[in-house]
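Trainee: heads up, no residue letters with this:
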């Protein structure tokens, strides 16, 4: 995914800070805003949150319903649908492919005349390691 092109397509300023923030987010599987803040202590908190909000609006980042102490996020890659399961014992987050689930969600929405702007599915339980 080329963030410079996406920003240009949406007539948004391409800045070195936005590029750096996106590259950092893209390198992580799942991240929180505080993860990003810790990595860029010279960037203002407001700038980080404005950039995160912009990336959410552009659809290049999605919010995950997994955080206990704030939201978690991930970079949204086209044609790669997956969801997450969070262990309530150890906090591990596991991913699984969800193309079939997403297809059913979008079919149901279409049938109801509903336009989806974003979706998320949070699954909570106990992982194999903690069960043993």
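Mentor: It's in. What you are looking at is a predicted structure, and each value in this text was computed from that prediction instead of being measured.

Trainee: dump the residue contacts of residue 102.
Mentor: 81, 119 (CB atoms under 8 Å, 6 or more residues apart in numbering). Glycine gets a C-beta too; all of them are placed from N, C-alpha and C.

Trainee: wait, is it part of a helix?
Mentor: Yes. Residue 102 forms part of a helix when assessed by DSSP: H, G, I helix; E, B strand; the rest coil.

Trainee: any idea how far residue 109 is from it?
Mentor: 11 Å (CB to CB, to the nearest Å).

Trainee: next one: residue 82
Mentor: 19 Å.

Trainee: all strands of the chain, in order?
Mentor: Using DSSP state E, the strands of the chain run over 31-32, 61-64, 72-75, 82-87, 93-97, 122-125.

Trainee: which residues touch the closest residue to residue 23 other than its chain neighbours?
Mentor: Distances taken as CB to CB, 6 or more residues apart in numbering put residue 3 closest to residue 23, at 7.9 Å, once the chain neighbours are dropped. Residue 3 is in contact with 18, 19, 22, 23, 60, counting by CB under 8 Å, 6+ apart.

Trainee: the last one against residue 2, yeah?
Mentor: No. Shown here, residue 60 and residue 2 do not form a contact pair, counting by CB atoms under 8 Å, at 10.2 Å.

Trainee: among these two, which residue is more densely surrounded?
Mentor: Neighbours were counted for residue 60 and for residue 2 using other CB atoms under 10 Å; residue 60 has more, 20 against 9.

Trainee: local confidence estimate at that one?
Mentor: pLDDT recorded at residue 60 is 91.
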